[in-house]
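S.K.: Predicted model follows, preceded by the sequence.
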Amino acid sequence: DAKTTQPPSMDCAEGRAANLPCNHSTISGNEYVYWYRQIHSQGPQYIIHGLKNNETNEMASLIITEDRKSSTLILPHATLRDTAVYYCIVRGPNFGNEKLTFGTGTRLTIIP
Amino acid sequence: EAQVTQNPRYLITVTGKKLTVTCSQNMNHEYMSWYRQDPGLGLRQIYYSMNVEVTDKGDVPEGYKVSRKEKRNFPLILESPSPNQTSLYFCASSLTGENQPQHFGDGTRLSIL
């Protein structure tokens, strides 16, 4: 699975959009980009994933650049409950061990 | 409600006293896995199971056992716990196949004295 690079920390004002970047320059053609978050020692929570098209669900939007070397997770109206560590993970189709490899992530702090 | 349930949530015990952490999911998922999380080391996989009666080692299996007698349950067994197994443990499950998101339990914090 390709390596990802994320900023270690970010702040965002409550009510604003939080934009979390992720670089994955070695991503290969069949690898997906996943985002999970972990709120203070709770279990990681799946947010969204995508291959090459932009994706949106009830939690967030995922924007993947045309060359697929980077992506941005967007939380459109951040609330205090969005304060968490956000992990960007790249992995290919896997019909064996579904292991997730978490990096160090981005610690997002929502400021009141 | 779809969920992964771990018990206990917290446990303080002593070296050598066998313990079991239970994990149960109600989503009919084939795949289940155990991770441990330690400061500075991230989440590391201990064991996983692709389906009933099928288990395999992850990255850090030493000192742990698992079983998968039923699809919904995947207990983690520490036969002779040691202080280096003090950690935060997570169980996860998913459907198998391409690009299935994983669901995690709320975690079990174990302290081995």
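M.R.: That came through fine.
S.K.: partners of the strand ranked longest in chain B, with directions?
M.R.: Longest strand of chain B, by residue count under DSSP state E: strand B:42-51. Applying DSSP bridges, strand B:42-51 is found paired with strand B:31-38 (antiparallel), strand B:54-57 (antiparallel).
S.K.: bridging residues for the spatially closest residue to A:C22 that is not a sequence neighbour?
M.R.: For A:C22, ignoring the flanking residues on the chain, the nearest one in space by Cβ to Cβ, 6 or more residues apart in numbering or on different chains is A:C88 at 3.5 Å. (Each C-beta comes from the backbone N, C-alpha and C, glycine too.) Beta bridges link A:C88 to A:W35 when assigned by DSSP bridges.
S.K.: Correct me if wrong: A:C88 contacts A:Y34.
M.R.: Yes: using Cβ atoms under 8 Å, A:C88 makes contact with A:Y34 at a distance of 7.4 Å.
S.K.: looking at the strands paired with strand B:42-51, which is buried most?
M.R.: Mean neighbours per residue, mean count of other Cβ atoms under 10 Å in any protein chain shown, is largest over the strands paired with strand B:42-51 for strand B:31-38, with a mean of 23.
S.K.: Which of A:C88 and A:Y34 has more residues huddled nearby?
M.R.: Using other Cβ atoms under 10 Å in any protein chain shown as the criterion, A:C88 and A:Y34 rank with A:C88 on top: 26 against 21.
S.K.: Spatially central residue for the chain, please.
M.R.: Picking chain A for this. Here the mean C-alpha position of chain A is nearest to the C-alpha of A:W35 (Cα atoms, centre = their mean), at a distance of 3.3 Å.
S.K.: should've been chain B
M.R.: When Cα atoms, centre = their mean is applied to chain B, the residue found nearest the centroid is B:W34 (3.0 Å).
S.K.: How about the contacts made by that one?
M.R.: Residues in contact with B:W34 (Cβ atoms under 8 Å, 6 or more residues apart in numbering or on different chains) are B:23, B:45-48, B:58, B:64, B:66, B:74, B:76, B:89-92.
S.K.: okay, among these, which ones form the most distant pair?
M.R.: Greatest spatial distance among the contacts of B:W34 (Cβ to Cβ): B:Y64 and B:A92, at 15.2 Å.
S.K.: Looking at the two, which one has more neighbours?
M.R.: A side-by-side neighbour count of B:Y64 and B:A92, using other Cβ under 10 Å, places B:A92 first with 28 against 20.
S.K.: In terms of pLDDT, where does the more buried one sit?
M.R.: pLDDT recorded at B:A92 is 96.
S.K.: Now name the helix or strand holding it.
M.R.: Using DSSP states H and E, B:A92 sits within strand B:87-94.
S.K.: Same question for A:T72.
M.R.: Here A:T72 is assigned to strand A:70-75, by DSSP H and E.
S.K.: distance between that strand and the chain's centre?
M.R.: Taking Cα atoms, centre = their mean, to the nearest Å, one finds the center of strand A:70-75 at 6 Å from the center of the full chain.
S.K.: near chain A, which residues of chain B?
M.R.: B:4, B:31, B:33, B:42-43, B:45, B:48, B:50, B:56, B:58-59, B:88, B:90, B:92, B:94, B:96-107, B:109 (Cβ under 8 Å from any Cβ of the partner chain).
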